[in-house]
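> Mind folding the following:
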Amino acid sequence: MINKLLLSLISFLYKLTYEGVYLDGVNKKMIRPVPKLIIDGKQYYEFVQPADIPQNRFVHYLDFRDESQMGMDRTTLNKYFSAIKEANDSGEVSRVGSLVYMAQSSINDCTPIEVLYNMASLMYFDKDEDISCYDLDYNQDKITKFKSLPDKSFFLKTLLEQSLKITGKSLPKNIDQYLKLSMVKLRAYNQTLYGV
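Down below sits the predicted model:
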């Protein structure tokens, strides 16, 4: 009797918390509001099940997740390889070592904050957005809004947690400090790599 009552209560609360949206008139996907994520009066939502993310959005998510795991984008990774080959060809052994160290450190210890914002633009959406695809301009505008929030850690923590879970790495104790340290390291490495 109590179990039936609990199941009825859970079912009732589920309907209050989650909301169904139809992507193509047939496929119903469940979404829920993201707590504390209201910008300019717009509530942002997320899919209840990550598997419900439409394919056109999910492809972009996989790219961003790869960048999160690598600590850099493909362009930067290829730049490292080119710089290592150049240094090797010219016999600069210490430069080869420093470039390899920086690449390994980026991969093992850094998460570019820009990647987390890109992931947030995919994972969180408002009701005016066409969630069946990824509109670059619309999402760049969302990223600008995300960056203007005084407390960004609540969704950055969630995204960092998701991306680190895939890699098997544990979540740092102080996320803000970890992200700041990652940003400083990556900026220094890019200055060395690109000579900027």
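
> which other helices and strands contact the longest helix seen in the chain?
Taking DSSP state H as the criterion, the chain has its longest helix at helix 175-194. In terms of contacts (3 or more C-beta pairs under 8 Å, 6 or more residues apart in numbering; DSSP states H and E), helix 175-194 is packed against helix 74-89, helix 93-109, helix 113-123, helix 153-167. For every residue, glycine as well, the C-beta is placed using N, CA and C.

> rank those by pLDDT, which is bottom?
Of all those, helix 153-167 carries the lowest average pLDDT, namely a mean of 67.

> Ile38 in helix, strand or coil?
Under the three-state scheme (DSSP: H, G, I helix; E, B strand; the rest coil), Ile38 adopts strand.

> burial count for Ser153?
13 (other C-beta atoms under 10 Å).

> Could you do the one 3 residues further on as well?
For Leu156, the tally of surrounding residues (other C-beta under 10 Å) stands at 21.

> Which residues are in contact with it?
113, 116, 120, 175, 179 (C-beta atoms under 8 Å, 6 or more residues apart in numbering).

> what's the closest of those to Gln140?
Nearest to Gln140 among these, counting by C-beta to C-beta, is Ala120 at 12.1 Å.

> pretty sure the closest one is touching Lys145, no?
No: at 10.2 Å, Ala120 does not count as touching Lys145 under the criterion of C-beta atoms under 8 Å.

> Among the helices and strands packed on helix 175-194, show me which one is buried the most.
Most buried of the helices and strands packed on helix 175-194, by mean neighbour count (mean count of other C-beta atoms under 10 Å): helix 113-123, with a mean of 22.

> From the contact counts, what lies against that one?
Checking 3+ C-beta pairs under 8 Å, 6+ apart, helix 113-123 ends up next to helix 55-70, helix 136-148, helix 153-167, helix 175-194.

> Export these as JSON lines, with columns for distance to Phe81.
Putting the helices and strands packed on helix 113-123 into JSON lines (distance: least, C-beta to C-beta, whole Å) gives the following:
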{"stretch": "helix 55-70", "distance to Phe81": "13"}
{"stretch": "helix 136-148", "distance to Phe81": "27"}
{"stretch": "helix 153-167", "distance to Phe81": "21"}
{"stretch": "helix 175-194", "distance to Phe81": "11"}
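
> To Leu99, which of those lies closest?
Of all the helices and strands packed on helix 113-123, it is helix 175-194 that lies closest to Leu99, at 7.4 Å by C-beta to C-beta.

> could you give the mean pLDDT of the closest one?
pLDDT averaged over helix 175-194 gives 85.

> Start at 39, not 1
All set: I'll call the first residue 39, so the last point we hit is now helix 213-232.

> now that helix: how far from the chain's centre is it?
Here helix 213-232 is found 17 Å from its chain centre; the criterion is C-alpha atoms, centre = their mean, to the nearest Å.

> Return the set of buried residues in it.
The neighbour-count check on helix 213-232 (16 or more other C-beta atoms under 10 Å) flags 213, 216-217, 220, 223-224, 227-228, 231 as buried.
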